[in-house]
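1. Have a look; sequence and predicted model below, questions after that.
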Amino acid sequence: MTRDERVYRIMKSLQMSSSYKGYRYLKTAIMMILDDETVLQSFVKRIYAKIAETCDDTASNVERNMRHVIRKSYCKPNDEICMKIFGTIETKTNKEFIAEICEYIKQLEKIEKANNLS
């Protein structure tokens, strides 16, 4: 399974609607961090600004749209998957949410790689 497919499946399992701008922004941010973890250290400058630039939007709109779709997904009955990925059902900040999904994907990739080596 490709990273793009894995991100899509995780976001769908969290019942995130792809009709929101924030969905696309989150997916882009997750893929950016999976490609280069150093962007997490200057989150606002490197993620919000880059997405805003490529999507012809403002960094504050990118942040707000991401926050909106995250909060919408937490309002739905997906406690089991939240516990599996985040270890809690408490709402996360955008940065925490994205970082923890990235970490979860990396763990899945390590497991998949280990299973392929066996």
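-> Received, thanks. Being a predicted model, the structure only gives us computed values, none of them experimental.

2. ok, the spatially most central residue of the chain to Phe86 distance?
-> Central residue of the chain (CA atoms, centre = their mean): Ile98, 3.9 Å from the mean position. For Ile98, the distance to Phe86 equals 11 Å [CB to CB, to the nearest Å]. For the C-beta atoms, the positions are set from N, CA and C on the backbone; glycine is no exception.

3. what's stretch 28-37 in contact with?
-> Under the contact criterion CB atoms under 8 Å, 6 or more residues apart in numbering, stretch 28-37 has outside partners 3-4, 7, 39-40, 46-47, 50-51, 54, 66, 94, 98-99, 101-102, 105-106.

4. please redo it, this time with the cut-off set to 10 Å
-> Outside of stretch 28-37, the residues within contact range by CB atoms under 10 Å, 6 or more residues apart in numbering are 3-4, 6-7, 10-11, 39-40, 43, 46-48, 50-51, 54-55, 62, 66, 94-95, 97-99, 101-103, 105-106, 109.

5. Please pick the buried ones from these.
-> The neighbour count (16 or more other CB atoms under 10 Å) marks 3, 6-7, 10-11, 40, 43, 46-48, 50-51, 62, 66, 94-95, 97-99, 101-102, 105 as buried among those.

6. which helix in the chain runs the most residues?
-> Longest helix in the chain by number of residues (criterion: DSSP state H): helix 94-117.

7. Check which helices and strands it sits against.
-> In terms of contacts (3 or more CB pairs under 10 Å, 6 or more residues apart in numbering; DSSP states H and E), helix 94-117 is packed against helix 3-13, helix 21-35, helix 43, helix 59-74, helix 79-86.
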